[in-house]
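A.B. asks: Here is a sequence together with a model predicted from it:
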Amino acid sequence: MTPSQEIWVFAEQENGELKSVALELLGRARELADELGVEVGALLLGSDVLDLSRTLTNYGADKVYLADHPELKQYRTLPYAKVIDRTVQAHHPQIVLFGATMIGRDLAPRIASQLVTGLTADCTDLQIGNYLDPFTGVDHQNLLYQIRPAFGGNVIATIVAPNHRPQMATVREGVMKTPETTTGRVAKIVKAPAEFTDAELAVEIIEHYRKPKSVDLRAARIIVSGGAGVGGKEGFDLIRELAHVIGGEVGASRAAVDAGYIGKDHQVGQTGTTVRPVLYIACGISGAVQHRVGMQESAKIIAINLDSDAPIFSVAHYSIVGDLYKVVPLMIQAYKNK
Ligand SMILES: Cc1cc2nc3c(=O)[nH]c(=O)nc-3n(C[C@H](O)[C@H](O)[C@H](O)COP(=O)(O)OP(=O)(O)OC[C@H]3O[C@@H](n4cnc5c(N)ncnc54)[C@H](O)[C@@H]3O)c2cc1C
């Protein structure tokens, strides 16, 4: 079969609800596909999930590869990997994208290994570009640039897979913008094979329990974050007070989390949550790249730091050089006084 050249997105769903990262990826896939003049396919696996293809279509899919089977109701590695592996081998998309969720992180490496191709994990950007191989002299056109921080965040690496297909990547939740929906689009539904051996169904899910998160940073419109500069657990009371007064949630840098000032659910950044609120206030945060990649898309950023050279100021819209213990109480007072 001739390769379809399509760009595919794994449309992760749970209990019939699509994960937001699937829609974010569809938006980016649509842009990349338009640049290349190819179609976007959504890989939808589950039980009784046909209705979701309408949503996927509205968010940019031209085709929905649908595997609807009772054994796919809850995620299990082997059945899901088999369906995707077979479907990719039947249609040869040039790019397959997954959310860097628990499921995406389990599934994507297994599929990449089965297909003997590469995988870049935790991308923060995806683009199309060319690559001149310095060893072979081959000029590869229109490759997927898989972009992510590397070497502890000291460089932003652009990774390509010139010789293997499909090009595969996982992308952090919240990094790409959710696209606007378009009505009136029509997508083709393509049936994906769903047949399993007893061995592939050996794992039985008896109970499913998810520990509730103490904070939903992704949904927050305002976030006040504290870093190591807060200096202690008690210091976070001030951060909480500002967040409370302006109706926001509390975020933190990894240094603050690692120091035990606040719980991990509050961490913003590469290994925490990626956020894009309307207002992000960074207090005593230096702005290491691993923090910035998780918040720099916020609509307005206010940074408070003693050090005028702190990297956080490079992404801030309003820079306040000063002691957070002087500035934050003034902000609280100002908000209280309206
Ligand atoms: C693989 C990897 C993943 C990572 N993931 C993340 C991540 O997800 N999120 C994350 O945040 N980090 C992450 N990091 C860590 C990151 O590199 C930084 O170490 C961390 O972000 C630093 O946190 P910080 O800015 O709070 O602390 P510091 O870098 O110590 O900065 C403290 C800042 O507070 C300022 N300050 C001190 N006192 C005051 C005061 N009274 N008033 C105002 N300012 C004051 C200082 O000038 C300084 O700029 C990761 C690192 C690695 C290697």
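C.D. replies: That came through fine.
A.B. asks: Which residue ranges of the stretch 151-300 of the chain form helices?
C.D. replies: With helices called from DSSP state H, counting those that start in this stretch, the stretch 151-300 of the chain shows them at 235-245, 254-258, 289-292.
A.B. asks: Let me have those in CSV, extended by mean neighbour count, mean pLDDT and distance to Val315.
C.D. replies: In this view, the C-beta of every residue, glycine as well, is placed from N, C-alpha and C. Shown next, in CSV, are those (neighbours: other C-beta atoms under 10 Å; pLDDT from 0 to 100; distance: least, C-beta to C-beta, whole Å):
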stretch, mean neighbour count, mean pLDDT, distance to Val315
helix 235-245, 18, 97, 19
helix 254-258, 20, 98, 17
helix 289-292, 22, 93, 6
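A.B. asks: could I get those helices as TSV with distance to the ligand?
C.D. replies: Output for the helices of the stretch 151-300 of the chain, formatted as TSV (distance: least, C-beta to the nearest ligand atom, whole Å):
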stretch	distance to the ligand
helix 235-245	9
helix 254-258	3
helix 289-292	3
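A.B. asks: Let's have the ones you listed in TSV, adding distance to Val21.
C.D. replies: Below are those laid out as TSV (distance: least, C-beta to C-beta, whole Å):
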stretch	distance to Val21
helix 235-245	25
helix 254-258	21
helix 289-292	19
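A.B. asks: tell me which parts of this protein are close to the ligand?
C.D. replies: Residues of the chain lying close to the ligand (C-beta under 6 Å from any ligand atom) are 152-153, 227-229, 253-256, 267, 269-272, 284-286, 288, 290-291, 294, 304-307, 310, 323-325.
A.B. asks: switch to 5 Å and redo it
C.D. replies: 152, 227-229, 253-255, 269-272, 284-286, 288, 290-291, 305-307, 310, 323-324 (C-beta under 5 Å from any ligand atom).
A.B. asks: and those, which are buried?
C.D. replies: Neighbour-count burial (16 or more other C-beta atoms under 10 Å) is assigned, among these, to 227-229, 253-255, 269-270, 272, 284-286, 288, 290-291, 305, 310, 324.
A.B. asks: Going by neighbour count, list what's buried in the one helix or strand Tyr80 maps to.
C.D. replies: Using DSSP states H and E, Tyr80 sits within helix 77-91. Neighbour counts over helix 77-91 (16+ other C-beta under 10 Å) mark Pro79, Tyr80, Ala81, Lys82, Val83, Ile84, Arg86, Thr87, Val88, His91 as buried.
A.B. asks: ok, the second one - contacts?
C.D. replies: In other words, Tyr80. Contacts here follow C-beta atoms under 8 Å, 6 or more residues apart in numbering; on that basis Tyr80 touches Leu45, Leu72, Ile103, Leu107.
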